[in-house]
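In: next input, structure requested:
(2 chains)
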Amino acid sequence: MTIKPGEIAIVGAAESTRIGTVPEMAQIMLHADAALNAMKDAGLKPADIDGVACVGPMMPQQIAHYLGITPKWVDGTGVGGCSFMLHVRHAAAAIHAGYAKTILITHGESGKSRINATPRPPEPQSLNGQFEAPFGPMGPPTLFPIPVLRYMKKYGVSHEQMAQVAVVQREWAAKNPRAAFRDPITVADVLNSRMIAYPFRLLQCCLVTDGGGALILTSADRAKDFPQKPVYILGSGESVETTMVSQMEDFTSSRAFRVAGPEAFRMAGIKHGDVDHLMIYDAFAHLPMYGLEDLGFVQRGEAKDFIWEGNTRPGGKLPLNTNGGGLSYTHTGMYGMFALQESVRQVRGIAPAQVPDVTISVAHGVGGMFSASGTVVFSNQRP
Amino acid sequence: MTLEPGRPRPEPTPETKHFWDGTRNGKLLLQRCTDTGKAYFPPRPFSPYTGTRNVEVFEASGKATLHSYVIHHRPVPGFKPPYAIAVVELEEGPRMMTNIVDCPQTPEALVLDMPVEVAFTKMDDDITLPLFRPAKGA
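Out: Alright, predicted model coming up:
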């Protein structure tokens, strides 16, 4: 039988005790710290967990053994920073299928302190190693923005409009005591910050931090017996395109976004007007623009004006990236977990920059350089 | 032009050897699906359009346009910043990542959609990279 909207719920959610610079924890402990916090949130102990998901380089067997869990279902899906959206989707399906009852999804990354972190240079025989690496990319700041000039030309986006994304997210971050950067910035500040990879400057690139997060899922029928008000999963979607940004079929739109987003909305049975709160994984400043358009919140080319006119800022009609995002809150390397955490907080009504009356929140993630995508629709109401 | 030492070196596989043999011999070799006539890249011995093995290798014109790029401003082994990491769109359709040589690495000089042409650049005895430069007469 098809999974129904609201059939599965989040009953535990937490980030690592500290985020930002956390030199006292190796990568595996960032996973465990968040997991312990999430289990406390849910009133559970390791023996209550029967399913585990995490993303490489950390393998589910490492996390399960470290935490003392004997799982009968595991998922190591690794498609980059949105892997956790896919884990939520897969975990919901597994609970629906009866493969497991209570599933823990963890993230931990020592992105800044690099303790127990694994470097992943492209292998010279891989397609990336042969057809991208020889031309001088050095990590996401040089690869993710490669489509941006094409997007700006097609839709007439100015540098000022592209800078505004970072300005608005800083407004949200200012309200969040855990955000890494909280001081207000202007468009001029963004455009005067250090050039990283034209057209993007420092303030248009995500942070590099340490941190972790964990989620616990179970069936909605069991969820009502847990200490926290359940956060129901109404729908989800996933897709992948290519690991090579040079080979994405359209530089002005993500095919993976266009598959994952609409599928999540279809499953959830919602329309754009139903969405009270939105998270779009913002590794770089263009991601919210692509996300707004590819998910259909605005028409093609309209995201620049939508953001410029204040629709996504505090008090706007579509609050977006309300934790401050990867640009101002935190970005360990695989930020998707933090987008999910903020959606859960907003739906629970406990976010530092709480949006009034959030019933439905959408968390949309990207993996790699437009390589993959996952979308989850949450609600505090079971349909 | 000569390349700075330190640039990551591609290692051909059985599926890509013809491409790198081609660049070493001054030819930009693409593949096309013989069922649809459509060219594709990167190399693989089957058609990504139909899933058949009905494909052939052919020599591309080497003409392209500048599709998009970034200009990197931080040091990387093998490169002198600032340098552009570009994607060009070949006349035959596929796109590939490359560098634009014989051209200032500035937004003013690097104009989207400007015509470029392949500039085979030797890395060592086995590997020649298909870089691009502004098309002559453009």
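
In: what segments of the chain are helices?
Out: This is for chain A. Here chain A has its helices, by DSSP state H, at A:27-42, A:60-67, A:83-97, A:127-131, A:140-143, A:148-155, A:159-173, A:187-192, A:220-223, A:255-268, A:287-294, A:303-308, A:325-328, A:336-348.

In: switch to chain B, please.
Out: B:17-24.

In: low-confidence ranges in it?
Out: B:137-138 (pLDDT under 70).

In: what residues does it put near chain A?
Out: B:7-13, B:16, B:20, B:41-42, B:67-74, B:76, B:78-79, B:82-83, B:85-87, B:95-99, B:107, B:112, B:123, B:129 (C-beta under 8 Å from any C-beta of the partner chain). The way it works is simple: take the backbone N, C-alpha and C, and place the C-beta from them, glycine included.

In: redo that, cut-off 6 Å
Out: By C-beta under 6 Å from any C-beta of the partner chain, the residues of chain B that approach chain A are B:7-8, B:10-11, B:13, B:16, B:42, B:68, B:70-73, B:76, B:79, B:85, B:87, B:95, B:97-99, B:112, B:129.

In: distance of A:Tyr290 from chain B?
Out: Counting by C-beta to the nearest C-beta, to the nearest Å, the gap between A:Tyr290 and chain B amounts to 14 Å.

In: no no, A:Thr77
Out: Distance of A:Thr77 to chain B, computed by C-beta to the nearest C-beta: 23 Å.

In: could you point out the longest strand of chain B?
Out: Across chain B, the longest stretch assigned as strand under DSSP state E is strand B:63-72.

In: that older thread, redo the helices of chain A as a markdown table? Include mean pLDDT and mean neighbour count.
Out: Written out in a markdown table, the entries for those read as follows (pLDDT from 0 to 100; neighbours: other C-beta atoms under 10 Å in any protein chain shown):
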| stretch | mean pLDDT | mean neighbour count |
| --- | --- | --- |
| helix A:27-42 | 97 | 23 |
| helix A:60-67 | 97 | 18 |
| helix A:83-97 | 98 | 25 |
| helix A:127-131 | 96 | 22 |
| helix A:140-143 | 95 | 23 |
| helix A:148-155 | 98 | 20 |
| helix A:159-173 | 98 | 24 |
| helix A:187-192 | 98 | 17 |
| helix A:220-223 | 97 | 16 |
| helix A:255-268 | 98 | 22 |
| helix A:287-294 | 98 | 25 |
| helix A:303-308 | 98 | 21 |
| helix A:325-328 | 98 | 31 |
| helix A:336-348 | 98 | 28 |
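
In: for B:Ala60, find the nearest of those.
Out: Nearest to B:Ala60 among the helices of chain A is helix A:127-131 (14.5 Å), distances taken as C-beta to C-beta.

In: what's next to that closest one, contact-wise?
Out: Defining contact as C-beta atoms under 6 Å, 6 or more residues apart in numbering or on different chains, one finds that helix A:127-131 is touched by A:122-123, A:243-244, B:10, B:16, B:42.

In: of those, closest to A:Asp274?
Out: Nearest to A:Asp274 among the contacts of helix A:127-131, with distances taken as C-beta to C-beta, is A:Thr243, at 33.8 Å.

In: how many other residues sit next to that closest one?
Out: Residues lying near A:Thr243 (other C-beta atoms under 10 Å in any protein chain shown) number 19.

In: got a list of what it touches?
Out: Applying C-beta under 6 Å, 6+ apart, one finds that A:Thr243 lies in contact with A:128, A:368, A:371.
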